[in-house]
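Participant: got a predicted structure here, sequence first:
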Amino acid sequence: MTDRSYFAPRGGHPPQTQIMTDRAVFTEAYAVIPRGVMQDIVTSALPFWEETRAWILARPMTGFAETFAQYIMEVAPGGGSDAPEPDAAVQGVLFVVEGEVAVTCDGMAETLGPGGYAYLPAGCRWSLRNTGGSPARFHWIRKRYEAVDGLDRPDPSFLNEVDVAPNVMPDTDGAWSTTRFVDPADLRHDMHVNIVTFEPGGCIPFAETHVMEHGLYVLEGKAVYRLNTDWVEVEAGDFMWLRAFCPQACYAGGPGRFRYLLYKDVNRHPSMGRGA
């Protein structure tokens with residue numbers, strides 16, 4: 001796939017003449033953070049990151065995301081971090097949408113451009129630098145790793161979307177496909193970050209209702225998305241959070257493809273809590 005497009009925020013600040021009505025929604029079952037919300041005023045600075053700002057789209061909290069955090073990072077040329085992850089129990093996925101970054105992990109070194117993916121296991125020592133001449137923008141998804149006795153931890157991996165063949169969903173004639181960076185049969189992994197693609201007019205033809213929590217960032221195109229009992233319009237640059245068991249479906253609106261970066265927690269028993 002060579003005709004890739006990845007939307008990335010630019011920040012800025014709206015004029016005083018702009019009306020406040022927007023598509024932002026926050027409910028007990030889902031949230032929509034439209035791209036127009038991602039202005040300068042809502043960015044965060046992070047310890048030990050230089051020349052960097054972040055839009056934090058999801059974080060673990062009661063009544064919202066429970067299993068993951070998701071950031072859009074913007075790193076200026078020469079910026080980055082030699083100590084990016086503060087918690088040794090947390091794993092990470094990077095997905096680059098603009099620019100170029102050099103990533104090291106436990107002695108491995110890779111340069112990632114647009115479409116670049118990195119899986120960084122919990123406890124690994126990694127660093128990141130913007131080695132290009134323009135700002136680099138990438139997603140950083142973090143999740144506390146759920147270790148299982150008898151299963152090794154996953155290894156670091158570096159890929160690019162262009163090198164991964166999409167898996168076409170059965171009986172869709174190519175209208176719906178998923179680009180998987182991790183083998184679904186590899187039970188060492190307790191989260192997947194995939195790219196889902198719908199051709200114009202493609203759809204999820206039923207209300208998916210499942211145990212996995214989702215974070216969806218729209219990389220390209222537009223659609224009408226079913227979230228719980230509501231149908232909402234979404235476009236490139238929007239972020240959606242879906243609580244476990246929140247019904248979901250969509251119609252891709254065209255005229256081009258509708259594509260999103262999808263997080264989900266997988267391959268583990270539901271926690272029964274710690275007891276009394």
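Facilitator: Perfect, I can see it now.

Participant: tell me which residues touch Arg268, please.
Facilitator: By C-beta atoms under 8 Å, 6 or more residues apart in numbering, the contact list for Arg268 reads Glu146, Val148, Asp190. No exception for glycine: its C-beta is placed from N, CA and C like everyone else's.

Participant: go on, Phe7?
Facilitator: Arg35, Val97, Val218, Leu219, Glu220, Ala236, Gly237.

Participant: same deal with Ile33?
Facilitator: Ile33 sits in contact with Ala24, Leu57, Asp238, Phe239, Met240, Trp241, where contact means C-beta under 8 Å, 6+ apart.

Participant: same question for Gly113.
Facilitator: Gly113 touches Val96, Gly99, Glu100, Asn160, counting by C-beta under 8 Å, 6+ apart.

Participant: I'd assumed Ile204 was in a strand, is it?
Facilitator: Yes: using DSSP: H, G, I helix; E, B strand; the rest coil, the assignment for Ile204 is a strand.

Participant: need the pLDDT of Arg274.
Facilitator: Confidence at Arg274, expressed as pLDDT, is 63.

Participant: and if you look at Glu220?
Facilitator: What the model reports for Glu220 is a pLDDT of 97.

Participant: bridged to it, which residues?
Facilitator: Applying DSSP bridges to Glu220 gives these bridge partners: Arg259.

Participant: check the one 4 residues further on too.
Facilitator: Partner residues in beta bridges with Val224: Glu233, Tyr251, with DSSP bridges as the criterion.

Participant: can you count the residues close to it?
Facilitator: 15 (other C-beta atoms under 10 Å).

Participant: so Ser127 touches Val103, yeah?
Facilitator: Yes: Ser127 is within contact range of Val103, at 7.3 Å (criterion: C-beta atoms under 8 Å).

Participant: more neighbours, the two?
Facilitator: Val103 (23 against 15).
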